[in-house]
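Sequence first, then the predicted structure:
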Amino acid sequence: MPELPEVETTLRGIEPYLLNQRITRVIVRQPKLRWPVPAHVCKAEGQRFVSLKRRGKYLLLSLEHGGLIIHLGMSGSLRILKQPLAPGKHDHIDVELDTGLCLRFNDPRRFGAFLWVDGDMESHELLRDLGPEPLSADFTTDYLYLRSRDRKTAIKNFIMNAHIVVGVGNIYASESLFMAGIHPQRAAGRVSKQRYEGLVAAIRDVLSRAIKQGGTSLRDFVNSDGAPGYFAQELLVYDRGGSDCFQCGAPVRQKVIGQRSSYYCPACQH
DNA sequence: CGAGGGACCTGGTTGC
DNA sequence: TGCAACCAGGTCCCTC
């Protein structure tokens, strides 16, 4: 269930248990993920974590020499086990620490990734060409407006493109477009600068609110097995097809755009 | 170069 | 109740 806020919450949840700790063993039970888990992940054994970062929806766990790139895909999760626990069906990877703790990677659909990087993490080809972080100062109205010129693709696809801006998933794309009053199918190149200003603000707002929520409701995410639907109360249009728009009362519409379910109010969004 | 669709997987829900 | 069809929070890769 990971969108950017959940990846950020996961990072904050695991960091205190991993930072400066030493890996004793990496156990790969199922190497068939989005890409095969490289045998090189064993290079992590004997090394300490020196920093943990998030880039888009990727988690970057830097070790003394090299590091791990983890992506949770559609259904992945990371948990800290404080004592040994027999692996369940989709518990694909364990990273054991000398503290006795274990970082366990679970991913039923196996769209996630668990990769080894020898050199600099940020220059890895998966990360090199990513757009700016939506909550950073680099993500500006001017930037988004400039990149959108002459683009015919639907604005929803445009903001979900990680080469434009990272971390805007299917839920928050619908949510931010509703907040900005922009129809999800409008061509990206046909949205005014003024409306991009509202969209940038909406994306920042919805993501930062969700991170705050994740920080409270998902505090025990790393200990338990997650809390599905934790932000459901906050959603304005997502998964509300047929229900009344909170703003005008018209029925919220559900439509497939770019092969993904999209939700919007046909009265409020143009 | 951009746009669009297929591909990768499992599991829960829906509908006949 | 059984079973098939459809849907799900991601994103790379191929074709046109």
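Perfect, thanks for sending it.

Extract the residue ranges of the stretch 101-250 of chain A that are flagged as low pLDDT.
A:215-230 (pLDDT under 70).

the helices in it, which residues?
Ranges of helices in the stretch 101-250 of chain A, per DSSP state H, counting those that start in this stretch, are A:125-128, A:141-148, A:155-160, A:170-180, A:193-217.

Now do the shortest one: distance to the chain's middle.
On the basis of Cα atoms, centre = their mean, to the nearest Å, helix A:125-128 is displaced by 16 Å from the centre of the chain it belongs to.

what's the closest of the helices of the stretch 101-250 of chain A to residue A:19?
Closest approach to residue A:19 among the helices of the stretch 101-250 of chain A (Cβ to Cβ): helix A:193-217, 18.0 Å. From N, CA and C alone the C-beta is placed, and that goes for glycine too.

Name the residues that touch the helix or strand following the closest one?
Remark: after helix A:193-217, the chain's next helix or strand is strand A:253-257, criterion DSSP states H and E. When contacts are defined by Cβ atoms under 8 Å, 6 or more residues apart in numbering, strand A:253-257 is touched by residues A:154, A:156-157, A:184-185, A:241-242, A:261-266.

run the last query once more with 7 Å
Here strand A:253-257 makes contact (Cβ atoms under 7 Å, 6 or more residues apart in numbering) with A:154, A:156, A:157, A:184, A:185, A:241, A:261, A:262, A:263, A:264, A:266.

Show me which residues of it are buried.
Buried residues in strand A:253-257, counted by 16 or more other Cβ atoms under 10 Å: A:253, A:254, A:257.

The stretch 51-200 of chain A: strands as residue ranges?
Here the stretch 51-200 of chain A has its strands, by DSSP state E, counting those that start in this stretch, at A:58-63, A:67-71, A:77-81, A:91-97, A:102-106, A:113-117.

about what we covered before: and the helices of the stretch 101-250 of chain A: which comes nearest DNA strand B?
Smallest distance to DNA strand B across the helices of the stretch 101-250 of chain A (Cβ to the nearest atom of the strand): 6.4 Å, for helix A:155-160.
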